[in-house]
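Asks: what shape does this take:
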Amino acid sequence: MTTSPGAKTVVRPLNNKAQQSKRQPNLNSRRFSLRSVLLWILLLLSAGLFLALAALPVGRFASAAISAGVVAAAFVLGRFAQRFWHARTLTVLLLAFVTFRYFFWRLTGTLPPVDDLVNFIPGVTLFAAEALSFVLFLTSLFVIIDPLAREPSEPTGDPAFWPSVDVYIPSYNEEPELLETTLAAAVCIDYPRDKLHVYLLDDGGTDQKLAHSNPEQAAAASARRETLTALCERLQVTYMTRPRNEHAKAGNINHAFHKTSGDLLLILDADHVPTVGILKATVGFFQQDPGLFLVQTPHFFVNPDPVEYNLGTFERMPSENEMFYYSIQPGLDRWNGSFFCGSAAILRRAALEEVGGFSGDTVTEDCETALELHSRGWRSVYLPRPLIAGLQPETFDSFIAQRSRWTQGMIQLFLLKNPLLKRGLTFSQRLCYLSTMLYWFFWFWRPIFLLSPLCYALFGLEIYRINLPDFGCFVIPHVFAAAFLSQFLHGRMRWPLFSELYEYLQSFHVSRAALATLIRPRDPVFKVTAKGQSVEEDGFSPLATPFIVTTLLLAAGLAACAWRYSIFPEHRAAIVPVAVWCSLSLLLALGGLAVVYERKRVRRQERFTVDRPAVLKFEDGTGIDLTVADVSAGGVGLIVDPKWRELLSRPDQTPVLTIAATETEAATTTGVRFFRIEMRNGELAVGAGFAPRDRQDIVEMARFVFGNSVGWDIFLDRKRVAAPTFFGGLLFFATRVVPRLGHVLLALPGALRRILTFQAP
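Replies: The predicted model follows:
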C-alpha cells in the first residue's frame with residue numbers, strides 16, 4: 001500500500017487504558033518501598049562519608065601519598081573490571097576521589113580574596129567554569145558507570161503478523177543523486193514487501209515554494225518536484241510534499257505521519273543510507289516490549305569531518321561521534337535514557353499518537369520528542385550496531401552551522417523543558433537528560449580554561465593561587481586520574497586532547513548562537529546542515545579569525561612566562577605551573593589552527609576497500625575474470641590482467657559487471673563505464689562508474705555498496721586500536737599538528753593582513 005500526497009488523514013484509535021497497562025511495569029518501578037527508602041539512606045550516608053574523606057585536610061605530602069595510592073589501587077582494580085562489575089564501580093569511585101580532593105583544595109586554597117576585585121572577578125569566573133564542568137563530570141560518571149551491550153533482536157512469528165513499517169526520508173535541498181542512493185537502499189531493506197512503505201518527504205518542492213515571488217526560485221522548486229517525482233516513480237516509492245514549509249523537519253515528518261498508517265516508523269536523513277538488515281535487527285524489540293517507543297542505532301559516517309580530514313586522523317583513530325554512540329548512548333540505555341537522534345531510528349506510531357506526533361518547540365525535535373515520551377512512561381532501547389552510512393559536514397563553516405543548531409536546541413530544552421522539573425521522569429532519567437544538556441555549555445568553560453593562564457603571563461594577575469609544591473600534590477594527581485578515568489570508561493573511543501580540540505573549535509562561533517538562545521529561547525529556527533560542499537583550494541576558513549588571534553596571544557603568553565622566569569627568580573614556583581598550562585593551551589590552539597587552514601577537498605564519493613571476484617562481460621560475449629578492489633556509491637575499482645588492456649580501451653563500451661556472491665551477500669549485476677585505465681604495481685587498475693541499465697541495477701548496486709553492516713563493523717574495529725596513554729596521546733596529537741604548521745605559517749601573514757584591514761577571506 002502507498003499513500004498519495006492528497007490522501008485523507010489516517011488516525012488509528014488509541015486505547016489509552018491498554019497503553020497504560022502495557023507500560024505498567026515502568027510505572028510500578030517508581031513506587032517507593034521500605035527497601036528503596038533504606039537503600040537511599042545508605043547511599044546518602046555513603047556519599048556523605050565519601051565527601052568527608054575527600055575534604056579531609058592533610059598536609060601536602062600526605063595528600064600526594066593518598067592520591068598516588070588511590071590511583072595505584074584504581075589501576076590494579078581496573079584490570080578486573082571486565083570480569084567483575086563491582087571492580088569497575090570501585091575503580092571509578094577511587095579515581096573520582098582524587099578529583100574530589102582537587103576540587104575541595106581548589107575551593108579552599110586557591111581563590112583570590114574578595115577584597116581584591118581585580119584578581120577575584122576573573123578568579124571566580126575560572127572557578128565557576130570548573131564547577132560547571134565538575135557537575136558535568138559527576139552526571140557523566142552516573143550515565144556511563146554500567147553501559148548496556150545489546151544484541152540485535154530479529155522479529156519472530158509469522159511474517160504476516162509482523163508490524164508494518166513506514167520509511168520516512170525527509171529532504172530539503174539535497175541533490176537527486178544523493179537521494180537516489182538512499183531511496184534505492186531503502187527499497188532493498190529485507191522485510192516483507194507488503195509491510196514496508198518508503199516515502200520521500202520533500203520540503204524543497206512544497207506548494208509554498210512553487211508559488212514563491214521570485215520566479216527563479218519558483219522554477220527551481222518546480223523542477224525539483226518534477227525530478228524527484230520521476231525518481232520516486234522509477235524506484236517505486238512514494239513522493240510526498242506539503243502545502244507550506246512550517247515547523248521545519250518536525251513539521252515535514254508530522255505531515256506524513258498523519259497521512260500514513262504504519263505501525264512503526266523508520267526515520268532516515270536524506271544522506272543516511274540503510275543496510276538491508278536494519279529492520280531485521282530492530283523490530284524484534286518492539287514485539288518483546290509493548291511499552292517501547294524507540295530503537296535508536298548509531299550514526300556511522302563514511303567521510304571525514306573537517307578535523308579528521310585536515311589532521312589526517314580519519315582512518316587512524318576513532319571519530320569524535322563514536323564516544324557518544326558507543327560509550328554514552330549505551331550508558332544512557334542502562335537508565336532508560338537513550339534518546340532519539342533524528343535518524344537511524346525506529347519509533348512506534350502508537351506512542352507518537354499519544355503526544356500528537358513529533359515535538360517542534362525546539363530545533364532539536366528528536367531529543368525533545370524522546371523527552372516527552374519518556375516522561376509518559378514509554379521506554380527506549382539503544383542498539384550499538386552501525387545500520388546506516390551517512391555523510392558529515394565537509395567544510396568548517398558547515399560543521400559549525402550544524403553544531404550551532406545542536407547547541408541551540410539543547411539550551412532551548414534546558415530552559416523550556418528542564419528535565420529536573422519535568423513531571424513523569426525517573427530520577428535516573430533526569431540525570432541522563434541533564435548530563436546531555438550540560439555538555440552543550442562547553443562553549444562557556446573551554447575558552448576560559450584555554451585563556452586563563454594569560455591573566456598571569458601577560459598581566460601578572462593571580463587568579464589561581466598556586467605554587468610548585470601544590471601543583472605537584474594536587475593538580476598533577478588530578479590530571480592523571482582524569483586521564484586514566486577517561487581512558488578506562490571510554491576505552492578505545494576517546495584519545496587525549498581530541499575531545500578538547502573539538503570543543504575549542506566550536507566554542508567561539510557556537511557561543512554567539514548559545515547566548516542568543518539564552519536571551520530569547522524561542523527564537524532559533526531549524527537550519528539544514530549543508531552536505532557535499534567542497535574546498536576548492538588550500539586556505540584559511542572564513543571563520544578562522546578567532547583561532548589565529550588566540551594562537552598569537554598564547555604564543556605571546558608563553559614568551560612572557562619565559563621572560564618572567566628569568567627576571568623574577570623569586571616567583572619561579574608560581575611561573576612554572578602557568579607555563580605548563582600555557583604550553584598545553586598553545587598546543588591545542590595550534591591544533592585548531594591546523595584545522596581551520598583547510599586543505600583542498602574537491603567533492604568525491606568515499607571509497608572502501610573490498611576483495612571480491614567478479615566477471616566483466618562484453619556485448620560480443622567476451623568474459624573477463626577480475627577482482628573488485630574498492631567501491632563507492634558511484635563506481636568500483638577493478639584489478640585486471642594487463643593482457644585485456646586493448647579490449648578495455650575501446651570507446652563507447654558499457655559491459656556488464658557481475659560481482660560474485662559471498663556467504664552474507666548475493667551476487668550483483670550492473671552496467672559500468674570506464675573512466676581510468678592505468679598500470680599500477682604490475683597490474684592493470686581500472687576505474688569504472690556505474691551505468692545502471694534499469695531499476696534493478698540501481699537497487700542491486702545500493703545493496704552491494706551499503707547493504708551489509710559487516711563492512712562498517714570491520715572499518716570501525718580497524719580504527720579502534722588501544723587508546724594511547726596521556727603522554728602517548730600528546731605525542732600523537734603533536735605528530736598530527738606539527739607537520740601541518742609549515743603551510744599554516746606561510747599563509748598566516750596574508751590572513752593577518754585581511755584581519756587588520758577587515759577584508760573578507
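Asks: and Phe358, backbone torsions?
Replies: Phe358 adopts backbone torsions of phi -80, psi 140, taken as degrees, to the nearest 10.
Asks: and what of Gln296?
Replies: Main-chain dihedrals, Gln296, degrees, to the nearest 10: phi -100, psi 140.
Asks: bridge partners for it, pull those for me.
Replies: Beta-bridge pairing for Gln296 (DSSP bridges): Ala345, Tyr382.
Asks: and it, what pLDDT?
Replies: Note on Gln296: pLDDT of 98.
Asks: and the gap between Arg572 and Tyr565?
Replies: 6 Å (Cβ to Cβ, to the nearest Å). In this view, the C-beta of every residue, glycine as well, is placed from N, C-alpha and C.
Asks: let me fix that, I meant to ask about Phe137.
Replies: Phe137 is 32 Å from Tyr565, by Cβ to Cβ.
Asks: so how many other residues sit close to the closest residue to Ala660 other than its chain neighbours?
Replies: Leaving out its chain neighbours, the residue that sits closest to Ala660 by Cβ to Cβ, 6 or more residues apart in numbering is Pro613, at 4.6 Å. Residues within reach of Pro613, counting by other Cβ atoms under 10 Å, total 13.
Asks: direction included, what does the helix or strand that contains Pro613 pair against?
Replies: Following DSSP states H and E, one finds Pro613 within strand 608-617. Strand 608-617 pairs in its sheet with strand 623-631 (antiparallel), strand 656-659 (antiparallel), by DSSP bridges.
Asks: contact partners of the last one?
Replies: Residues outside strand 656-659 that contact it (Cβ atoms under 8 Å, 6 or more residues apart in numbering): 612-617, 628, 636, 667-672, 688, 693, 704.
Asks: same question for the first one.
Replies: With contacts defined as Cβ under 8 Å, 6+ apart, strand 623-631 is touched by 607-618, 636-641, 644, 647, 659, 685-686, 704-705.
Asks: show the buried residues in the residues you listed.
Replies: Those of the contacts of strand 623-631 that meet the buried threshold are 607-608, 610, 612, 614-616, 636-640, 644, 659, 685-686, 704-705, by 16 or more other Cβ atoms under 10 Å.
Asks: which residue is nearest the centroid of the protein?
Replies: Closest to where the C-alpha atoms of the chain average out (Cα atoms, centre = their mean) is Asn321, at 3.3 Å.
Asks: quick check: it vs Ala344, distance?
Replies: Using Cβ to Cβ, one obtains 12 Å as the distance from Asn321 to Ala344.
Asks: who touches both of those two?
Replies: Joint contacts of Asn321 and Ala344 (Cβ under 8 Å, 6+ apart) are 298-299.
Asks: what packs against the helix or strand Phe134 falls within?
Replies: Using DSSP H and E, Phe134 sits in helix 117-144. Counting contacts by 3 or more Cβ pairs under 8 Å, 6 or more residues apart in numbering; DSSP states H and E, helix 117-144 packs against helix 85-109, helix 329-334, helix 427-439, helix 442-451, helix 476-490.
Asks: among the ones you listed, which comes closest to Tyr168?
Replies: Checking the helices and strands packed on helix 117-144 against Tyr168 by Cβ to Cβ gives helix 329-334 as the closest, at 21.5 Å.
Asks: residues in contact with the closest one?
Replies: In contact with helix 329-334 (Cβ under 8 Å, 6+ apart) are residues 143-150, 296, 298, 338-339, 380-382, 384, 432, 436.
Asks: just to revisit the earlier point, same for the helix or strand just after the helix holding Phe134, what does it pack against?
Replies: Downstream of helix 117-144, the first helix or strand assigned by DSSP H and E is strand 165-171. Where contact means 3+ Cβ pairs under 8 Å, 6+ apart, strand 165-171 is packed against helix 176-187, strand 196-202, helix 248-257, strand 264-267.
Asks: packing partners of the helix or strand where Leu745 lies?
Replies: Per DSSP H and E, Leu745 falls inside helix 741-756. On a contact count with 3+ Cβ pairs under 8 Å, 6+ apart, helix 741-756 meets strand 539-540, helix 545-567, helix 572-596, strand 597-598.
Asks: sounds good, over and out.
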